[in-house]
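Trainee: Fold the stuff below for me.
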Amino acid sequence: MKRLARILGTLMIVAGLGSLGWAVTVWQWQDPFTAFLTYRSQQSLGSDFEQRLEESTRRPAPATAIAIRKALPRDAVDWRKDSKKGDPVARLRIPRLGLNVVVVNGTDTNTLKRGPGRYLGSAMPGEGELVYVAGHRTTYGAPFSKINELKKGDQVFVELPYGTFEYTITGHRIVSASKISELKSRGFEQLALQACNPRFFATQRIIAYAKPVAVTHPGDDTATPYEAIAAP
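Mentor: Numbers count the residues shown, from 1 in each chain. Purely as a prediction, here's the structure:
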């Protein structure tokens with residue numbers, strides 16, 4: 001009996017240390033099992049997104065700011081309407097976080113397992129309205145694990161078939177998870193990146209907001225300042 005008690009005690013200690021190690025791993029990094037699943041999904045999404053880029057209608061780069069102002073909303077609406085739930089719709093790059101991921105269309109549970117998702121009730125970049133993107137913070141690749149580290153002025157790039165949009169972070173906001181008013185557009189172009197807060201809980205949402213500063217049309221190396229094309 002004493003030997004059995006020692007064995008059980010040893011097993012409990014090993015299990016406890018294993019659980020502690022697992023908790024530390026997830027806290028410091030992310031859940032490696034779900035991260036692997038998302039990694040595989042992102043590989044597939046990346047290929048699908050590149051194919052969508054190739055298949056999309058590539059119009060000549062507008063010659064003037066006025067022409068760009070007219071073309072962007074049209075192209076953005078076309079892309080939104082052509083994109084179904086679960087489709088790869090954009091590539092999101094955030095240098096501060098070392099993030100380079102494909103954004104999926106939709107924010108339901110299964111969609112967010114594949115990567116950050118665009119809320120279907122929000123706009124696409126270029127429509128002049130709110131673009132709302134949600135992502136996990138501890139599981140499934142944890143794309144927004146360090147969203148709280150974004151600082152004012154940090155760059156955010158969103159690549160789409162009709163242009164690459166550069167945004168800069170303007171600040172953070174923490175709200176209740178039930179506050180759906182944050183999903184409503186204020187009538188101007190704005191990017192919102194959302195994750196659960198605090199980590200491992202879903203009682204709140206942390207939202208990092210960004211404003212557009214420039215747009216680069218495909219095939220054009222010169223970025224056009226957003227203020228030059230924003231509707232008056």
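Trainee: For the rest of this, base every contact and every neighbour count on C-alpha atoms.
Mentor: Noted.
Trainee: Now do the phi/psi pair for the nearest residue to residue 75 once chain neighbours are set aside.
Mentor: Leaving aside its chain neighbours, residue 75 sits nearest to residue 162 (6.4 Å; criterion: C-alpha to C-alpha, 6 or more residues apart in numbering). Dihedral pair for residue 162: phi -100, psi 10, per degrees, to the nearest 10.
Trainee: what's near enough to touch residue 162?
Mentor: Shown in contact with residue 162 (C-alpha atoms under 8 Å, 6 or more residues apart in numbering): 58, 72, 75-76, 217-218.
Trainee: Any chance of a markdown table for those, columns secondary structure and neighbour count?
Mentor: Output for the contacts of residue 162, formatted as a markdown table (DSSP: H, G, I helix; E, B strand; the rest coil; neighbours: other C-alpha atoms under 10 Å):
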| residue | secondary structure | neighbour count |
| --- | --- | --- |
| 58 | coil | 14 |
| 72 | helix | 22 |
| 75 | helix | 21 |
| 76 | helix | 21 |
| 217 | coil | 23 |
| 218 | coil | 17 |
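Trainee: one step back: what's the pLDDT at the residue nearest to residue 75?
Mentor: Here the pLDDT value assigned to residue 162 is 93.
Trainee: can you pull out the strands in this structure?
Mentor: Taking DSSP state E as the test, the strands found in the chain are 88-94, 99-105, 117-118, 130-134, 155-160, 163-176, 190-197, 204-216, 224-225.
Trainee: Tell me who's in contact with the spatially most central residue of the chain.
Mentor: Nearest to the centroid of the C-alpha atoms of the chain, with distances taken as C-alpha atoms, centre = their mean, sits residue 116, at 4.1 Å. When contacts are counted by C-alpha under 8 Å, 6+ apart, residue 116 touches 101-104, 107, 133-136, 143.
Trainee: can you rerun that using 10 Å?
Mentor: With contact set as C-alpha atoms under 10 Å, 6 or more residues apart in numbering, residue 116 has these partners: 91-92, 101-107, 133-136, 140-144, 193-195.
Trainee: Quick check: it vs residue 198, distance?
Mentor: Noted for residue 116: a distance of 18 Å to residue 198, by C-alpha to C-alpha, to the nearest Å.
Trainee: starting at the chain centroid, how far to stretch 196-206?
Mentor: 16 Å (C-alpha atoms, centre = their mean, to the nearest Å).
Trainee: Can you pull out the low-pLDDT segments for the chain?
Mentor: Residue ranges of the chain with pLDDT under 70: 1-30, 57-63, 231-232.
Trainee: Run a quick neighbour tally on residue 220.
Mentor: Applying other C-alpha atoms under 10 Å, we find 12 residues neighbouring residue 220.
Trainee: And for residue 38?
Mentor: Neighbour tally, residue 38, other C-alpha under 10 Å: 22.
Trainee: Pull the contacting residues for it.
Mentor: 32, 44-45, 112-115, 139-143.
Trainee: Please apply the same query to residue 140.
Mentor: Counting by C-alpha under 10 Å, 6+ apart, residue 140 makes contact with 30-39, 41, 112-116.
Trainee: could you measure it against residue 80, distance?
Mentor: Taking C-alpha to C-alpha, one finds residue 140 at 25 Å from residue 80.
Trainee: Kindly report the same for residue 172.
Mentor: Going from residue 172 to residue 80 by C-alpha to C-alpha gives 27 Å.
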